[in-house]
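[1] got a predicted model here, sequence first, then my questions.
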Amino acid sequence: MMKLFRKKIDLGVDYEIAFTHILSRKMQTFVASLAVAIGIAAFIFLNSLVVGFNRSSDESFFKTMPHIRIYIDDELSVPLQKNDANQRTSVIVNPKITNNSDKLINPERIVEQLETKEYVVTAAPWLNVNLFYNNGISQLSGSSSGVNIMEANTLFDIKSTMVEGDMNELLSTPNGIVLGVGIAENLNVRIDDNISIVSSLGVIKVMKVIGFFKTSSSVVDKTKSYINLSIAQQLMAQGPDYLTDIYIKIKNPADAPKHISELETLTGYNAESWQTANESAKASQKTRAVMMGSISFIILIVAAFTIYNIINMTVKQKLHDIAILKAQGFAGKSVVNIFISEALIIGTLGTLVGMMLGALLINIVSKVYVGGDTGYFPIQFESKIMLLGLIVGIVVTSVAGYIPARSAAKVDPISIFRN
Amino acid sequence: MEMKNILRVENITKFFYTPIEFKALNNITFEVQEGEFLCIIGKSGCGKSTMLYILSTMDTEYEGKLYLDEQLLTGLKQDKLARLRNSSIGFVFQFHYLLPEFSCLKNIMIPALKLGKYSREEIEFRAYEKLKLLELEEQALKPASKLSGGQQQRIAIARALINDPKIIMCDEPTGNLDSKNSEIVLGIFKQISKDFNQTIITVTHDNDFAKASDRVIEMQDGEIINHNLIL
């Protein structure tokens, strides 16, 4: 108990000395804190920018792409006899895509099994059909997704993209079609008009237009439509159990690659995560993160150097004081405490100001309207990054302060007194 | 009254290795009694400051043995020695070495705050007591750098006394003072050793100062040539 009490006092006087040092050099403290503040503000702002950018680009992926897709991959033909070096047989082959069916067997059961997994939000049967949209003499090529519209909505939030009509009418209108606004414009159709669609197999269907949607991609808007699954099956000239894809939405999109092998074993088919399907986009996200990360890191290093410099200068100026403190019984640890505390006071002050500055910057930039698909600048207040900024600020300043503090602790008082 | 050994030095030898190997102290042995006012004199370079730094426990690179109050100090860890300096040894230097940003009172309080034996209020009270002893109580709240040299030296003495150390070690305490201030400092030292039975070990050039002490040790070329010089 007594020892604990003494320890407390011990910290108190070290801190008091540090605080007096800081107060007697307000200008230096201000400059060093400002350097840290700018460093931390830049760190928080740039990293929030990256997170915001990546989130918005992920969101745009998820408007057209599921987290995980179950499908049958194309296979290449293999030679009947494998080339074996020992037996010196060589078989000449010409690998081609095999003419296997891409039909998933027993899709209902697969969907049922998938939906028992706790991380799966929805598993939706999906059938994409390439087709032509015809209205009079105008013809457009595109693709249509045969879906259960409720499930499709869970996956891609179609409802939020609807600009006219009600997508739920698909449920009551078997031959209904929800068109992208680009198609509607080009074919000059309105709600309740009829258009005909022709599949690559030559099946013609007359469809009733029940709604339009507008996504962030004009290409999608000019080619894409939603129809009922049964119509899509008919367009492919197949029966009601024909399905080529199952689209899966999971709770945490970032975890998609982790579930791939399990899902492949479960279904017996190929599973592809959105990260794999968008590898180049993910790579550019990573590039952006590395770029911004290194810029903010460099700014932080500069801030750390400012702190290092100021503490180092203080130590050099205060050699006599350090010697006298040591003579009076301050151990090396106490001397380290004093100068680390000084760095921490400067660092904490700077970090807190930097966090406010960063939040202010984010607030200002998030109100900038950039137009296009993006709308407002895709940046928002990221509490995780704020916390990270706080931790980084404290850690960086502690390290920057520790190095000169360590050298202060090693000051030999006798060599100071002798001169 | 029975005399008690407060400090014992046994066969201490000290070498300097830079710029060339040099024997600064040669096999020094002596004892200091409790309450004694001891002066060490000698010409520049005779090793008296080197001796003092070893006694102060700040210099640990020597051969031989050093005892404080019958406790062997030689070989103790730095942290332990620091604690011991804090509680048992007070220092007064030639150039007073107060911390310039702090008030006189705070300068005096710092070693006591480090020791943590008393509460802050008690320490403040005790610091005022020491200031009164040195007739400086009206300077208490002034920054240390605003005082005259003589006043600063007295503040430094008050600081050395704050933890009631067994020994007060001084390196040329009057080296920078005029005769009037020197007299005051000498008076204080005499009072401390008589009234509070604290031991004082002083390295000095000042013969008048040495004359007033209980005992004078004379050193020459790293050796004690006289254990009780009569001036």
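    That came in fine, so what should we check first?
[2] show me the helices in the stretch 51-200 of chain A, by range?
    Defined through DSSP state H, counting those that start in this stretch, the helices belonging to the stretch 51-200 of chain A, from first to last, are A:107-116, A:149-156, A:158-161, A:169-172, A:181-187.
[3] burial count for residue 209?
    No chain in the question, so chain A it is. If you count neighbours by other CB atoms under 10 Å in any protein chain shown, A:Val209 ends up with 23. Glycine gets a C-beta too; all of them are placed from N, C-alpha and C.
[4] wrong one, I was asking about chain B
    For B:Phe209, the count of nearby residues is 23 (other CB under 10 Å).
[5] that one reaches B:Ile200, doesn't it?
    No - using CB atoms under 8 Å, B:Phe209 is not in contact with B:Ile200, being 11.0 Å away.
[6] for chain B, which residue gets nearest to chain A?
    B:Asn86 (2.4 Å; CB to the nearest CB).
[7] that's a helix at that residue, yeah?
    Yes - according to DSSP: H, G, I helix; E, B strand; the rest coil, B:Asn86 belongs to a helix.
[8] and the strands in chain B, which stretches?
    Taking DSSP state E to define them, one finds strands in chain B at B:5-16, B:22-33, B:37-42, B:63-68, B:71-72, B:89-92, B:167-171, B:199-203, B:215-220, B:223-226.
[9] who wins for proximity to A:Gly142 among these?
    Shortest distance between A:Gly142 and the strands of chain B, using CB to CB, is found for strand B:89-92: 91.3 Å.
[10] so the closest one, near chain A or not?
    Yes - using CB under 8 Å from any CB of the partner chain as the criterion, contacts between strand B:89-92 and chain A involve B:Ile89, B:Phe91.
[11] re earlier: residue contacts, the residue of chain B closest to chain A?
    When the contact criterion is CB atoms under 8 Å, 6 or more residues apart in numbering or on different chains, the partners of B:Asn86 are A:Gln328, A:Gly329, A:Phe330, B:Pro111, B:Lys114, B:Leu115, B:Asn163.
[12] report pLDDT for residue 53.
    Answering for chain A, as no chain was given. The predicted structure scores A:Phe53 at 86 on the pLDDT scale.
[13] wait, chain B was what I had in mind.
    Taking B:Tyr53 on its own, its pLDDT is 88.
[14] same check on the one 4 residues further on?
    With respect to pLDDT, B:Thr57 scores 89.
[15] setting aside sequence neighbours, what's the nearest residue to it?
    In space, B:Thr57 comes closest to B:Leu81 once its chain neighbours are excluded; the distance is 4.5 Å by CB to CB, 6 or more residues apart in numbering or on different chains.
[16] pull the number of nearby residues for the one you found.
    By other CB under 10 Å, neighbour count at B:Leu81 equals 19.
[17] what is the burial count for the residue in the stretch 301-419 of chain A that chain B sits nearest to?
    Scanning the stretch 301-419 of chain A for the residue nearest chain B gives A:Gly329, at 2.4 Å (criterion: CB to the nearest CB). Using other CB under 10 Å, A:Gly329 has 25 neighbouring residues.
[18] could you find the closest non-adjacent residue to it?
    Once flanking residues are discounted, A:Gly329 sits nearest to B:Asn86: 2.4 Å by CB to CB, 6+ apart.
[19] quickly note the distance from that neighbour to A:Val399.
    Look at B:Asn86 and A:Val399: by CB to CB, to the nearest Å, they are 29 Å apart.
[20] what parts of chain B come near chain A?
    For chain B, the contact set with chain A under CB under 8 Å from any CB comprises B:49, B:53, B:56, B:58-59, B:78-79, B:82-87, B:89, B:91, B:93, B:97-99, B:101-102, B:106, B:110-111, B:113-116, B:159, B:171.
[21] of those residues, buried ones?
    Judged by neighbour count, with 16 or more other CB atoms under 10 Å in any protein chain shown as the criterion, the buried members of the residues of chain B next to chain A are B:49, B:53, B:56, B:58-59, B:82-87, B:89, B:91, B:93, B:97-99, B:101-102, B:106, B:110-111, B:113-116, B:159, B:171.
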